[in-house]
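>>> Quick one, fold the following:
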Amino acid sequence: MNVVLSAIAAKNVHKTLAPWYLKSIIDITMPGTNVIVMDSNINEQAFDIANDILSASPGVVGFSCYIWNINIVMSVCAIIKAASPECKIILGGPEVWFETDINQFPHVDFITSGPGDTAFGAFVMSVQKKEAIPRAIGKSPFNICFDLLLSPFTDAYFDSFKGDKKLPIENMLIYYESSRGCPFDCSYCLSSAIKNVDELQLERVFKELTLLISKGAKCIKFVDRTFNANKKRAYAILEFIHALDTDCTFHFEVAADLFDAPTLALIEKMPPERVQFEIGIQSVNPKTLAKIDRKTNIESALANIQKLVGFNNCHIHVDLIAGLPYETLESFKQGINRVIEARPQMLQLGFLKMLKGTTIRNRAEKLGYQYSPIAPYEVLSTKSMSTEDLRHLKKVEAVIERFYNTGIYAHTVHYATQNMFHDAYSFFDALARYCEHKNLRIAPKAAYTLLYEFLCSETKKQKPLQATHVADLLRKQESDAENTEALPPHHDAITHHIKLDCFTYNASNVLPDAIDYHRDKEAERNFCRSSAEGYKNIRIEYFSFDDATRTFIYDVKDPISGAFKVLF
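Presented below is the predicted three-dimensional model:
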């Protein structure tokens with residue numbers, strides 16, 4: 001009998017892990033069963049995914065269900081049942097773990113409630129024996145210790161990267177799971193429903209990571225809910241990763257306040273891009289954190305984020321969640337400001353998802369929540385944040401994504417937030433209002449022009465720039481600390497920083513047409529002829545604002561900031 005496990009990922013570069021665990025179990029326990037894992041993603045058509053599955057003539061089809069794929073999974077199930085009524089369909093995964101009524105899924109035969117490691121095998125065996133199987137929701141007959149599960153990284157797993165229409169392993173984001181569960185009880189998180197933490201033995205972790213690297217993996221994402229909850233274990237894994245001879249990057253979700261001094265010292269020694277961290281701050285409002293049962297030392301977390309950023313060897317991604325209990329627009333602004341002060345490479349401004357099975361969803365009515373009934377169940381309004389507030393934060397999110405997270409406007413954004421606006425949120429808020437009816441999916445030159453025009457329009461509202469501010473920004477020494485003589489208005493400083501960003505982060509000419517350039521091609525030729533390093537791709541540009549000539553070397557790029565090398 002053919003069994004198809006459909007892995008519908010969020011993106012084509014994501015390698016779903018769950019079906020490979022299930023396949024490894026069936027391959028050993030039922031050797032006569034042909035288990036086929038079919039990779040696809042939510043950007044494909046449901047009809048095409050269903051046709052691919054049906055082409056294997058399956059007796060059983062299994063789906064791993066999440067908030068990002070449940071809608072397309074339901075469409076695929078409907079098509080499969082219409083074309084092949086005798087085919088049995090089983091669902092698993094966190095999106096269906098807490099379902100109680102199978103009749104809400106008319107095209108499905110069975111749903112596993114909770115981990116499906118043994119439930120899936122039992123279901124397949126029943127189908128093989130041609131037993132009568134009532135449509136139902138059921139749990140695994142017994143749970144297997146996580147460390148006793150067979151490794152999903154089999155020959156078949158690595159063979160799945162081969163083929164003309166498939167991405168090679170080096171171009172994929174490889175998921176790795178070294179632990180299951182989470183020791184914390186955050187009320188908005190599904191992991192809080194799994195009370196205990198089950199860990200793989202370190203020896204197995206090291207062996208599997210070594211195997212993945214030997215097969216060509218370039219980016220491995222640990223899906224452990226809080227990687228450094230067990231500090232000693234996290235240190236051991238990081239120590240192993242530090243010693244590897246590889247250019248692979250390892251991604252971890254961590255709690256920043258749990259980093260101790262030895263771990264920070266180890267991270268500081270990492271080669272550039274060896275590790276990157278996704279850090280959930282979520283809120284800086286103490287009342288909010290208490291209400292969602294989140295035990296976070298915010299001051300320690302932000303201080304450690306600043307330290308990690310200062311190492312300049314790892315990418316730092318920080319999360320905030322809009323719509324949590326007691327969070328107001330004003331308190332959320334403070335969250336944005338405090339995170340930006342730490343200067344991570346990325347700030348993800350997310351919106352609360354009322355996930356099935358979570359404490360916060362169960363208390364939604366009491367808490368005064370309105371949320372979408374359709375996955376991903378995003379919050380629409382709360383007692384303390386209106387629909388209009390959340391809609392505006394969506395616009396703020398868009399400009400943060402374009403003008404902060406890309407990193408290529410760093411000098412200008414930092415200048416504006418420090419000198420033209422009261423704080424970072426005020427800058428993003430004003431920019432969001434300016435861009436409200438503008439397309440942000442534009443080429444870099446158009447985006448630089450948009451930012452330049454926005455800031456120029458703001459100069460009419462701003463006071464002249466003071467000399468002491470310029471000294472700090474341009475790294476000059478002020479001989480007279482009392483000098484407050486007004487320099488040219490912000491307009492000249494804006495022009496300077498836009499120009500600096502354009503040449504620091506882009507090898508091509510993306511300078512807005514309104515800004516003049518002063519390139520010295522003769523100096524460039526002389527520089528290249530005399531360069532001991534063999535630099536060939538350079539630009540020498542004069543900046544009138546600080547009366548400085550800069551040499552931009554496009555042969556050398558910082559892997560963390562994305563900035564090209566600049567010589568004065």
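>>> Where does pLDDT dip in the chain?
Within the chain, the ranges that satisfy pLDDT under 70 run 141-142, 192-195, 462-489.
>>> hang on, isn't residue 2 packed against residue 34?
Yes - under the criterion of C-beta atoms under 8 Å, residue 2 makes contact with residue 34 at 5.0 Å. All C-beta spots, glycine's among them, are computed from the backbone N, C-alpha and C.
>>> Does residue 265 lie in a helix or a strand, and which?
Per DSSP states H and E, residue 265 falls inside helix 261-268.
>>> Report the distance from that helix to the chain centre.
In terms of C-alpha atoms, centre = their mean, to the nearest Å, the gap separating the centre of helix 261-268 from the centre of its chain is 23 Å.
>>> residues in contact with residue 248?
212-213, 217-220, 274 (C-beta atoms under 8 Å, 6 or more residues apart in numbering).
>>> cool, and residue 491?
456, 459.
>>> try residue 244
Contacts of residue 244 (C-beta under 8 Å, 6+ apart): 209, 213, 274.
>>> same question, residue 538
Residue 538 touches 524, 527-528, 551-555, counting by C-beta under 8 Å, 6+ apart.
>>> Quickly list what it is bridged to.
For residue 538, the beta-bridge partners are residue 553 (DSSP bridges).
>>> How much space separates it from residue 367?
Distance, residue 538 to residue 367, using C-beta to C-beta, to the nearest Å: 58 Å.
>>> do residue 390 as well
The value you get for residue 390 to residue 367, if C-beta to C-beta is used, is 15 Å.
>>> got it, and residue 11?
33 Å.
>>> same check, this time on residue 492
Here residue 492 is placed at a distance of 50 Å from residue 367 (C-beta to C-beta).
>>> Tell me how the protein divides into domains.
2-146, 168-385, 386-568 (automatic domain parsing).
>>> Could you export the ones you listed as JSON lines, including distance to residue 155?
Shown next, in JSON lines, are the domains of the chain (distance: least, C-beta to C-beta, whole Å):
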{"stretch": "domain 2-146", "distance to residue 155": "10"}
{"stretch": "domain 168-385", "distance to residue 155": "10"}
{"stretch": "domain 386-568", "distance to residue 155": "33"}
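>>> Pull stretch 500-519 out as PDB, backbone CA atoms only.
Listed next in PDB are the C-alpha coordinates belonging to stretch 500-519 (Å, rounded to 0.1, in the frame of the first residue of the first chain):
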ATOM      1  CA  LEU A 500      26.100  57.600   2.800                       C
ATOM      2  CA  ASP A 501      23.500  54.800   2.900                       C
ATOM      3  CA  CYS A 502      23.200  54.600  -0.800                       C
ATOM      4  CA  PHE A 503      27.000  54.000  -1.300                       C
ATOM      5  CA  THR A 504      27.600  52.000   1.900                       C
ATOM      6  CA  TYR A 505      24.900  49.300   1.200                       C
ATOM      7  CA  ASN A 506      24.600  49.300  -2.600                       C
ATOM      8  CA  ALA A 507      27.200  48.600  -5.300                       C
ATOM      9  CA  SER A 508      24.900  50.000  -7.900                       C
ATOM     10  CA  ASN A 509      23.900  53.700  -8.200                       C
ATOM     11  CA  VAL A 510      20.700  54.100  -6.300                       C
ATOM     12  CA  LEU A 511      21.200  57.800  -5.300                       C
ATOM     13  CA  PRO A 512      18.000  59.900  -5.600                       C
ATOM     14  CA  ASP A 513      18.100  62.200  -8.600                       C
ATOM     15  CA  ALA A 514      17.800  65.300  -6.300                       C
ATOM     16  CA  ILE A 515      21.100  64.500  -4.600                       C
ATOM     17  CA  ASP A 516      24.400  65.500  -6.300                       C
ATOM     18  CA  TYR A 517      27.300  63.100  -6.400                       C
ATOM     19  CA  HIS A 518      31.000  64.000  -6.500                       C
ATOM     20  CA  ARG A 519      32.900  60.900  -7.800                       C
END
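>>> coming back round to it: so among the contacts of residue 538, which ones count as buried?
524, 527, 551-554 (16 or more other C-beta atoms under 10 Å).
>>> Throw the residues you listed into CSV and include distance to residue 26, thanks.
Listed next are the buried ones among the contacts of residue 538 as CSV, based on distance: C-beta to C-beta, whole Å:
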residue, distance to residue 26
524, 63
527, 63
551, 61
552, 56
553, 55
554, 52
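>>> Closest one of these to residue 458?
Nearest to residue 458, judged by C-beta to C-beta, of the buried ones among the contacts of residue 538 is residue 552 at 27.4 Å.
>>> Of residue 492 and residue 367, give the one with the bigger neighbour count.
residue 367 (18 against 15; other C-beta atoms under 10 Å).
>>> mind checking the SS state of the closest residue to that one other than its chain neighbours?
Closest residue to residue 367 apart from its sequence neighbours, by C-beta to C-beta, 6 or more residues apart in numbering: residue 325 at 5.7 Å. For residue 325, the secondary-structure state derived from DSSP: H, G, I helix; E, B strand; the rest coil is coil.
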